[in-house]
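Novice: Pasted the sequence and its predicted model underneath.
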Amino acid sequence: MAKIITSFVILLLSFNVFGKDTVKISTMDFIQIQQGYKAEALFFYKNNWKVFRKEAMENNYIDSFLFVETEATKDAPFHIVLITTYKDSYQFQEREKNFAKLMQTSNGPKLLNSVSPKVFRKKLFSKQKTNSFN
């Protein structure tokens, strides 16, 4: 499990531009898809999470995002890693307010087969990492 998390942190660090002063904050959510609900989970993240992240980038609310689908194992029982990177502490501090603005224009989450996220997913844990380069 530690090797997988270390690999993701290294991946995140590679997104930064070397030689430029940057302090980015990344959040990572590790999601387990409940048995039999893969289609519902993938539909949800493609049509909600990804859409809102694209809008957030267009509005300068986030720096980048990454959706990683992986095969769960006994030691790492997650299927999805959601990574959102903020260019600085201000973007990070404003994240809830900014995403609330984006969601106001939404008619609620788009769901496949009307299955609620509470049924098809389980967030196992979240991590936050500050990336600094000088």
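Specialist: Nice, thanks for sending it over.

Novice: confidence score at the nearest residue in space to residue 86 that is not next to it in sequence?
Specialist: What sits nearest to residue 86 in space, not counting adjacent residues and going by Cβ to Cβ, 6 or more residues apart in numbering, is residue 92, at 4.1 Å. C-betas here are computed from N, CA, C, even on glycine. Per-residue confidence at residue 92 stands at 96 (pLDDT).

Novice: any idea how far residue 85 is from residue 92?
Specialist: Residue 92 sits at a distance of 9 Å from residue 85 (criterion: Cβ to Cβ, to the nearest Å).

Novice: Residue 118 now?
Specialist: Per Cβ to Cβ, residue 118 is found 27 Å from residue 85.

Novice: Between the two, which is the more surrounded one?
Specialist: Applying other Cβ atoms under 10 Å to residue 118 and residue 85 shows that residue 85 carries more neighbours, namely 21 against 8.

Novice: Now do the contacts for that one.
Specialist: Residues counted as contacts of residue 85 (Cβ atoms under 8 Å, 6 or more residues apart in numbering) are 12, 15, 24, 25, 26, 27, 62, 63, 64, 65, 66, 131.
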